[in-house]
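Peer 1: Sequence below, structure please.
(one chain, ligands or ions: 1)
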Amino acid sequence: MPSIPSGPLECSRDDCPSHRGEIAARVIDHASHRTKHGIRKRRRCMVCGATFSSLTGTAYAGLRRRKSDVDRVVQMHSEGMTKAAIARVVRVSPGTVARWIERAAAHARSFHDARTQIEEAVEVQLDELSCGGVGDAKAAWAFSGIEVSTRLWAGLLVAKRTLRATKQFVREVKYTIGTVTEWTLFTSDCFKYYRPAMSAAFQDDAAVYVQVKNRYRGGKIVRSTWTRTMGSELAHDDALAPNSDSHKPNTAFIERLNLTKRMCSSLLRRHKPSPAR
Ligand SMILES: [Zn+2]
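Peer 2: From the prediction side, this is the model:
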């Protein structure tokens, strides 16, 4: 592996005065050392004196392994391999595998929290997906939301299907899409806790909330009925007017996303071979 290209020349410490614009940032080369995989540079901030490498603040910092090993571990985990199996393939201990996965998850989540926000939502669909329980444990559910016009995955929460979890999930969606000022359509299935959760989070917003009930026969929707539980009829029409994806309330987009998730993760696959194996 070639030496790591130099990162942006900014101090890595959050509390450094150079971030507040009072003092111009000045970062110099501090040292370089040879690792098994190339040369890694350390830099020093001349404002606060801290030293850091290009990996500081990333999920790879201080791991003493190739970045590609960490990437492989995370990928194998998301494909459904057990931690013990991954540990045998990569030749690290299962504890290390667990730690890397946890680290990667924490970084992915904080990246999502910091960067994923929408200016103006048009339509939001909410749904939950059963992840199945292990043994006697009650099933966990993956709540997820999608903002249809941008196809942005607007929220994810894995929890039991309780009122508290539903409220937390809806709050998370609200955090991503911000306060809604133009009439915006929200749809979900008829799960009983969405209604109190929606009215708690979007009471003072321009939200039109509709519950959709689909009747299936032979895997196809034969009839779809819906009930509006928040917002007036006029608001409903206003919410649908700028919408180029849906002409009437539906949950098709979030169901498509859930299907993708089932296909991509063996842990969520509906058919039975994975538990049997
Ligand atoms: Zn500094």
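Peer 1: Which other helices and strands does the helix with the most length in the chain contact?
Peer 2: For the chain, the helix with the greatest residue count under DSSP state H is helix 94-115. Where contact means 3 or more C-beta pairs under 8 Å, 6 or more residues apart in numbering; DSSP states H and E, helix 94-115 is packed against helix 67-78, helix 83-90. Any C-beta I mention is one placed from the backbone N, CA and C, and that applies to glycine too.
Peer 1: Wait, a strand at residue 14?
Peer 2: No. Residue assignment for residue 14, taken from DSSP: H, G, I helix; E, B strand; the rest coil, gives coil, which places it outside any strand.
Peer 1: Start from the N-terminal end of this structure and give the helices.
Peer 2: In the chain, the segments counted as helices under DSSP H are 67-78, 83-90, 94-115, 163-177, 194-202, 233-240, 252-264, 273-276.
Peer 1: Mind listing what's buried along the fifth one?
Peer 2: Within helix 194-202, the residues that qualify as buried by neighbour count (16 or more other C-beta atoms under 10 Å) are 194, 195, 197, 198, 201, 202.
Peer 1: again, but for the second one
Peer 2: Under the neighbour-count criterion of 16+ other C-beta under 10 Å, helix 83-90 has 83, 86, 87, 90 buried.
Peer 1: Go through those and name the one nearest the ion.
Peer 2: Comparing the buried residues of helix 83-90 against the ion with C-beta to the ion picks out residue 90 as the nearest, at 35.1 Å.
Peer 1: on that earlier part again, looking at the helices of the chain, which is closest to the ion?
Peer 2: helix 94-115 (20.1 Å).
Peer 1: quick one, that closest one and helix 83-90 angle?
Peer 2: 100 degrees (axes from the mean of the first three to the mean of the last three C-alpha atoms, to 10 degrees).
Peer 1: give me the low-pLDDT residue ranges for the stretch 51-200 of the chain?
Peer 2: Low-confidence segments of the stretch 51-200 of the chain, defined by pLDDT under 70, are located at 132-137.
Peer 1: one more time with 90
Peer 2: Scanning the stretch 51-200 of the chain for pLDDT under 90 picks out 51-67, 78-81, 108-121, 128-142, 149-156, 158-160, 175-182.
Peer 1: State which one residue of it is found closest to the ion.
Peer 2: For the stretch 51-200 of the chain, C-beta to the ion, closest residue to the ion: residue 52, 8.8 Å.
Peer 1: what sits against that residue?
Peer 2: Taking C-beta atoms under 8 Å, 6 or more residues apart in numbering as the definition of contact, the neighbours of residue 52 are 11, 12, 13, 42, 43, 45.
Peer 1: restrict those to those near the ion?
Peer 2: Near the ion, judged by C-beta under 5 Å from the ion, the entries from the contacts of residue 52 are 11, 45.
Peer 1: Select only the buried ones of the contacts of residue 52 in PyMOL?
Peer 2: Only the buried entries of those go into this PyMOL selection, using 16+ other C-beta under 10 Å:
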select buried, resi 11+12+13+43+45
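Peer 1: Return the residues of the stretch 1-150 of the chain in contact with the ion.
Peer 2: 11, 16, 45, 47, 48.
Peer 1: Dump those into CSV; add pLDDT as well.
Peer 2: CSV is the format used below for these (pLDDT from 0 to 100):
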residue, pLDDT
11, 83
16, 85
45, 89
47, 87
48, 88
